[in-house]
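# Generate coordinates for the sequence data below:
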Amino acid sequence: MLFYEKVAEALQREEKIKERTRTIVQLREAEKNADNRPQKDSIAREWEKDIEETERDERERKARSEILRRQRSQEAQAVISKRTIDARAIFEQNTSAGQMQSRVMPGRLQSIPNSNTQRLPSLASSSSFDLTSNVTADQPSSIPVNQQRKASLPTWPPTAVTTEEVSPKFVGKRQWPPLI
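As a prediction, this is how the structure comes out:
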């Protein structure tokens with residue numbers, strides 16, 4: 001029996017040692033948790049703050065976008081209400097019936113029904129020439145070419161060049177008159 005008693009005592013000692021090591025491990029984990037708890041708590045608090053800030057920013061962004069959407073809508077309504085254009089008149093203007101009864105648009109080329117003349121818009125007073133006279137669509141302009149253009153601009157068609165003015169190396173080739 002002595003042998004069995006020694007074995008039983010050894011098993012009891014091992015059991016006590018295992019229990020002691022378990023308690024030591026538990027105490028160490030409790031100490032770690034106690035040390036880490038403030039860090040974990042602070043991390044959790046920071047996480048919650050970040051979530052709250054994100055939600056607040058999202059609400060503010062949605063509110064701003066809604067305000068901007070309303071402003072754009074109001075601006076669009078204001079622009080639409082200021083329109084004085086008749087959509088039907090624009091549509092009819094591009095049809096054969098509308099072209100016969102063209103509306104008068106100030107400052108643009110105006111067509112006069114049952115006439116072959118077109119009125120050109122008047123130019124600002126800073127211009128050195130005047131194009132406000134009537135120009136017939138079928139006939140060339142009755143205004144001399146030199147009066148229609150500034151003196152510094154070349155005229156079209158260019159005047160014919162005589163053969164005396166052409167140098168020998170350019171004989172047979174067309175040469176433009178010198179610009180003034």
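# Tell me how far F3 lies from A10.
For F3, the distance to A10 equals 11 Å [C-beta to C-beta, to the nearest Å]. All C-beta spots, glycine's among them, are computed from the backbone N, C-alpha and C.
# swap that for A34, please
As judged by C-beta to C-beta, A34 and A10 stand 36 Å apart.
# Check Y4 too.
From Y4 to A10 the distance is 11 Å (C-beta to C-beta).
# Which one's more surrounded, F3 and A10?
A10 (10 against 7; other C-beta atoms under 10 Å).
# residues near D50, how many?
D50: 10 surrounding residues under other C-beta under 10 Å.
# Which pLDDT value belongs to it?
Looking at D50, its pLDDT reads 94.
# about what we covered before: what sits in contact with each of Y4 and A10?
Common contacts of Y4 and A10 (C-beta atoms under 8 Å, 6 or more residues apart in numbering): none found.
# Over to L179. Which of the three states is it?
Taken by DSSP: H, G, I helix; E, B strand; the rest coil, the conformation at L179 corresponds to coil.
# So what touches stretch 57-71?
Contacts for stretch 57-71 (C-beta under 8 Å, 6+ apart): none.
# low-scoring pLDDT stretches of this protein, where are they?
Low-confidence regions of the chain, defined by pLDDT under 70, span residues 1, 84-176.
# What's the biggest helix in it, counting residues?
helix 2-82 (DSSP state H).
# Tell me which residues touch E46, please.
E46 neighbours (C-beta under 8 Å, 6+ apart): none.
# R70 versus that one, what's the distance?
Distance from E46 to R70, by C-beta to C-beta: 36 Å.
# Q26 now?
Applying C-beta to C-beta to Q26 and R70 gives a distance of 62 Å.
# now swap in E52 and tell me
E52 sits 27 Å away from R70, going by C-beta to C-beta.
# Only alpha carbons, please: show stretch 38-46 as PDB.
Provided in PDB are the C-alpha atoms of stretch 38-46 (Å, rounded to 0.1, in the frame of the first residue of the first chain):
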ATOM      1  CA  PRO A  38      -8.400  52.300 -19.200                       C
ATOM      2  CA  GLN A  39      -6.800  52.000 -22.700                       C
ATOM      3  CA  LYS A  40      -9.700  50.000 -24.000                       C
ATOM      4  CA  ASP A  41     -12.100  52.400 -22.400                       C
ATOM      5  CA  SER A  42     -10.400  55.400 -24.000                       C
ATOM      6  CA  ILE A  43     -10.200  53.600 -27.300                       C
ATOM      7  CA  ALA A  44     -13.900  52.800 -27.100                       C
ATOM      8  CA  ARG A  45     -14.700  56.400 -26.100                       C
ATOM      9  CA  GLU A  46     -12.700  57.800 -29.000                       C
END
